[in-house]
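Asks: Here is the input, now give the coordinates:
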Amino acid sequence: MRYAPDELVSLPVAGDLFPVSRSPNTVRVYCRNGVRLADGKFIKLKCQRIGGRFYTCQRWIYEFLAELNGGTLQLTEAEQERRHSAVEEELQKLGC
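Replies: Residues are numbered from 1 along each chain as shown. Predicted structure coming up:
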């Protein structure tokens, strides 16, 4: 299933949006505790708490991964293919 970049999704769904699937508990750790980088700095996955549940979005996941990778994010071939297909579908809908 495709989600808009800013659409909030639950942590179990968010785990499947990572290039390599992550468990909901791992995503929760990324939100609450963060990850320590080699230089000792901690970064956290942005998330919102609504009621008793945490939510994040695809944009925040990509920002988190980019920061983990020193500001650059290399997409897998499968992700590049999905993005290319989505752009082609959108262009067809627009009649281009």
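
Asks: Give me the nearest residue to the one residue sitting closest to the centre of the chain, chain neighbours excluded.
Replies: Among the residues of the chain, the one closest to the centroid is Ile61, at 2.6 Å (C-alpha atoms, centre = their mean). The spatially closest residue to Ile61, leaving aside those adjacent along the chain, is Leu17, at 5.5 Å (C-beta to C-beta, 6 or more residues apart in numbering). Glycine gets a C-beta too; all of them are placed from N, C-alpha and C.

Asks: And Glu79, by the same measure?
Replies: Pro19 (6.3 Å).

Asks: Kindly indicate whether that neighbour is helix, strand or coil.
Replies: coil (DSSP: H, G, I helix; E, B strand; the rest coil).

Asks: ok, now how distant is it from Lys41?
Replies: According to C-beta to C-beta, to the nearest Å, Pro19 stands 22 Å off from Lys41.

Asks: More neighbours: which of these two?
Replies: Neighbours per residue (other C-beta atoms under 10 Å) separate Pro19 from Lys41, with Pro19 holding more: 14 against 10.

Asks: if I look at that one, how far off is Ala78?
Replies: Applying C-beta to C-beta to Pro19 and Ala78 gives a distance of 8 Å.

Asks: cool, Arg28 as well?
Replies: 25 Å.

Asks: More neighbours: which of those two?
Replies: Arg28 (19 against 9).

Asks: Please identify the helix or strand for the more buried one.
Replies: Element membership for Arg28 (DSSP states H and E) is helix 24-32.

Asks: Now the element after that helix, going C-ward?
Replies: Next element after helix 24-32 (DSSP H and E): strand 35-36.

Asks: what sits up against stretch 59-70?
Replies: For stretch 59-70, the surrounding residues in contact (C-beta atoms under 8 Å, 6 or more residues apart in numbering) are 5-6, 14, 17-19, 30, 35, 37, 43-47, 72-73.

Asks: now Arg22, nearest residue through space, not along the chain?
Replies: In space, Arg22 is closest to Gly15, 4.3 Å off (C-beta to C-beta, 6+ apart).
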